[in-house]
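Q: here's my sequence, what's the structure:
(chains A and B)
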Protein chains: 2
Amino acid sequence: MEQDEKFMQEALREARAAAAAGEIPIGAVVVWKDRVIGRGHNQTERLKDTTAHAEMIAVTAATESMGGKYLSDCTLYVTVEPCPMCAGALAWAQIGRIVYGAPDQRRGYSLFTPSLLHPRTTVTGGILQEECTALMLEFFKDKR
Amino acid sequence: MEQDEKFMQEALREARAAAAAGEIPIGAVVVWKDRVIGRGHNQTERLKDTTAHAEMIAVTAATESMGGKYLSDCTLYVTVEPCPMCAGALAWAQIGRIVYGAPDQRRGYSLFTPSLLHPRTTVTGGILQEECTALMLEFFKDKR
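A: As a prediction, the model looks like this:
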């Protein structure tokens, strides 16, 4: 749990970098053996690419850094519950574990059946949920 | 229909390029006003990236070539039914229409509920289905 909060702080750091750049404040890191091997934050505006989500960037970076294909021994920390696209990417990457902060009741992967994740992936939600949610609320309060 | 077959031939050309490179033979093109504005084929092996599907590459290329964010006036042609990750990406891109060749009864997006696509996206399946399926069967016959 303490370890989970520590790495969620890293994901929050990425989310704050997104906010500072005017992007939706979601951040992610991929951890392998207690080391961050991939990081990313939402860059849909800057890259003008609707698929440039934090998780996609972090997973591609981690896969590259592993020099191989699968992330079965890795954990993804992300500030907001992944969307179906990202869940599908995490399934192809065979991520071992997902830890997220805030649930996404509009577009979270868990709204869909059958499960979009790889059958061996485990999930923990609600880590530093208040901080993760607060970043999102603040961002959209300014925008809408 | 004739138009659909013409552009599915373009997607098949991409799929054959994948096969020639030892990749799973799936190809895709994005069409806007009768012009191909993005193309891609599976490159998961070459890029060592499990998310490098034909549709992801074609959609990112098309979005870039549109200089904007949404593909509402575009059609994606893909030789095999998109997976959930790609369907999610197509939803974020707000693609106008999807035309696919062969269904994917193991990992096709249509196996999931609620629909993974954007509510305004229309879909046509079964265009040049035999050729699209044949490429896949041939590839996996050699591999397995």
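
Q: switch to C-alpha atoms for all contacts and neighbour counts from now on
A: Noted.

Q: over to A:R106. Which of the three states is it?
A: With DSSP: H, G, I helix; E, B strand; the rest coil as the basis, A:R106 sits in coil.

Q: list the contacts of it.
A: With contact set as CA atoms under 8 Å, 6 or more residues apart in numbering or on different chains, A:R106 has no partners.

Q: in terms of pLDDT, where does it sit?
A: pLDDT recorded at A:R106 is 93.

Q: separation between it and B:G27?
A: 31 Å (CA to CA, to the nearest Å).

Q: hey, C-alpha coordinates of the helix or strand of chain A with the lowest mean pLDDT in PDB?
A: Ranked by mean pLDDT, DSSP states H and E, the weakest helix or strand in chain A is helix A:129-143, scoring a mean of 92. Provided in PDB are the C-alpha atoms of helix A:129-143 (Å, rounded to 0.1, in the frame of the first residue of the first chain):
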ATOM      1  CA  GLN A 129      -8.200   8.800  -5.200                       C
ATOM      2  CA  GLU A 130      -8.900  12.300  -3.700                       C
ATOM      3  CA  GLU A 131      -5.800  13.900  -5.100                       C
ATOM      4  CA  CYS A 132      -6.300  12.200  -8.500                       C
ATOM      5  CA  THR A 133     -10.000  13.400  -8.600                       C
ATOM      6  CA  ALA A 134      -9.200  16.900  -7.400                       C
ATOM      7  CA  LEU A 135      -6.800  17.500 -10.300                       C
ATOM      8  CA  MET A 136      -9.500  16.500 -12.800                       C
ATOM      9  CA  LEU A 137     -12.200  18.600 -11.200                       C
ATOM     10  CA  GLU A 138      -9.900  21.600 -11.100                       C
ATOM     11  CA  PHE A 139      -9.000  21.300 -14.700                       C
ATOM     12  CA  PHE A 140     -12.600  21.000 -15.900                       C
ATOM     13  CA  LYS A 141     -13.800  23.800 -13.700                       C
ATOM     14  CA  ASP A 142     -11.500  26.100 -15.500                       C
ATOM     15  CA  LYS A 143     -12.500  24.700 -18.900                       C
END
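
Q: list the buried residues for it?
A: Neighbour counts using 16 or more other CA atoms under 10 Å in any protein chain shown place A:129, A:132-133, A:135-136, A:139 of helix A:129-143 among the buried residues.

Q: who does it touch, helix- and strand-wise?
A: In terms of contacts (3 or more CA pairs under 8 Å, 6 or more residues apart in numbering or on different chains; DSSP states H and E), helix A:129-143 is packed against helix A:2-20, strand A:74-80, strand A:97-102.
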